[in-house]
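test case, fold it:
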Amino acid sequence: GTASVCNTLTNTLITKSEVECLIKLYDTLVAKASRQFAGAGFDRTVFRDTLYSYFGMTDDMVLDRVFIIFDKDNTGRITVEEWVEGLAPLLRGTLEEKMKYCFAIYDLNGDGYISKKEMFEMLKHSLLIQPGDEEPDEVVKDLVDIALKKMDYDRDGKLSFTDFEKAVRDESLLLEAFGPCLPDLKSTMSFEQKIFREIPKK
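Alright, predicted model coming up:
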């Protein structure tokens, strides 16, 4: 229930009443999505539609990764706890929390490194390559090389979290170097105004 969700989130910046608002939104979305699964949480489709409609997130590959990160128990459905815990770093996360979240999204096989192959996969999906472009794969390969030159501090040909963190602290734009996985500020603010507006100001 609300209490247990609140307890797990005491270390983040979301207040108890905001958690309640997120739970209310969750219940509404689940009810709208399907009557028969109301208890089980919502599936990938509802999740993607929600992230699209509230945060304008459209990148299919990124949305799939975000779903996997939220779905901690790997059931293919997002429970209310997973929903609130997943949204917390997106809405209010510190830079550290956002770095961990982005890194996890880009680390496709979960081995603790972002490899050249993973960078290539992510960039290939997130770049808008025009059909007429010469050798789109070459463009992506060049970008991967540039990224490695800039971010691979220990020069082992892949990015550890330490590499990633150092690079982002030097240049904050690199946080989403391999695909847009955070909602932009405008979307986040309008989400908060819409969803948290019922909270009486302290």
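
buried sites along the longest helix belonging to the chain?
Longest helix in the chain by number of residues (criterion: DSSP state H): helix 16-33. Across helix 16-33, burial judged by 16 or more other CB atoms under 10 Å covers 18-23, 25-26, 29-30, 33. C-beta: built from backbone N, CA, C; applies to glycine.

now find how far off-centre that helix is within its chain.
From the chain centre to the centre of helix 16-33 is a distance of 19 Å (CA atoms, centre = their mean, to the nearest Å).

so what secondary structure elements neighbour that helix?
In terms of contacts (3 or more CB pairs under 8 Å, 6 or more residues apart in numbering; DSSP states H and E), helix 16-33 is packed against helix 2-8, helix 44-55, helix 80-92, helix 185-195.

could you tell me the angle between the second one and helix 80-92?
Put plainly, it is helix 44-55. Angle, helix 44-55 to helix 80-92, by axes from the mean of the first three to the mean of the last three CA atoms, to 10 degrees: 30 degrees.

now do helix 44-55 against helix 185-195, angle only.
Using the same axes, to 10 degrees: helix 44-55 against helix 185-195 is 100 degrees.

tell me how this protein divides into domains.
According to automatic domain parsing, the chain comprises the domains 2-94+184-195, 95-176.

got a list of what the closest residue in space to residue 191 that isn't next to it in sequence touches?
Among residues not flanking residue 191 along the chain, residue 54 sits closest, at 5.1 Å (CB to CB, 6 or more residues apart in numbering). Going by CB atoms under 8 Å, 6 or more residues apart in numbering, residue 54 touches 183, 187, 191.

now tabulate those in TSV and tack on pLDDT, distance to residue 48 and neighbour count.
As requested, these are exported to TSV (pLDDT from 0 to 100; distance: CB to CB, whole Å; neighbours: other CB atoms under 10 Å):
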residue	pLDDT	distance to residue 48	neighbour count
183	93	14	19
187	95	15	17
191	95	16	18
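
before we move on, back to that, looking at the domains of the chain, which has the lowest confidence?
Of all those, domain 2-94+184-195 carries the lowest average pLDDT, namely a mean of 85.

figure out how far that one is from the centre of its chain.
10 Å.

angle of whichever strand or helix holds residue 104 against helix 80-92?
Using DSSP states H and E, residue 104 sits within helix 95-106. Direction vectors for helix 95-106 and helix 80-92, defined by the same axes, to 10 degrees, enclose an angle of 120 degrees.

how about the CA coordinates for helix 95-106, as PDB?
Extracted C-alpha coordinates of helix 95-106, given in PDB (Å, rounded to 0.1, in the frame of the first residue of the first chain):
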ATOM      1  CA  LEU A  95      22.600  14.000 -11.100                       C
ATOM      2  CA  GLU A  96      24.000  10.900  -9.500                       C
ATOM      3  CA  GLU A  97      20.600   9.100  -9.700                       C
ATOM      4  CA  LYS A  98      20.100  10.200 -13.200                       C
ATOM      5  CA  MET A  99      23.500   9.000 -14.200                       C
ATOM      6  CA  LYS A 100      22.800   5.600 -12.800                       C
ATOM      7  CA  TYR A 101      19.500   5.400 -14.600                       C
ATOM      8  CA  CYS A 102      20.900   6.500 -18.000                       C
ATOM      9  CA  PHE A 103      23.900   4.100 -17.600                       C
ATOM     10  CA  ALA A 104      21.500   1.200 -16.800                       C
ATOM     11  CA  ILE A 105      19.500   2.000 -19.900                       C
ATOM     12  CA  TYR A 106      22.500   2.000 -22.200                       C
END
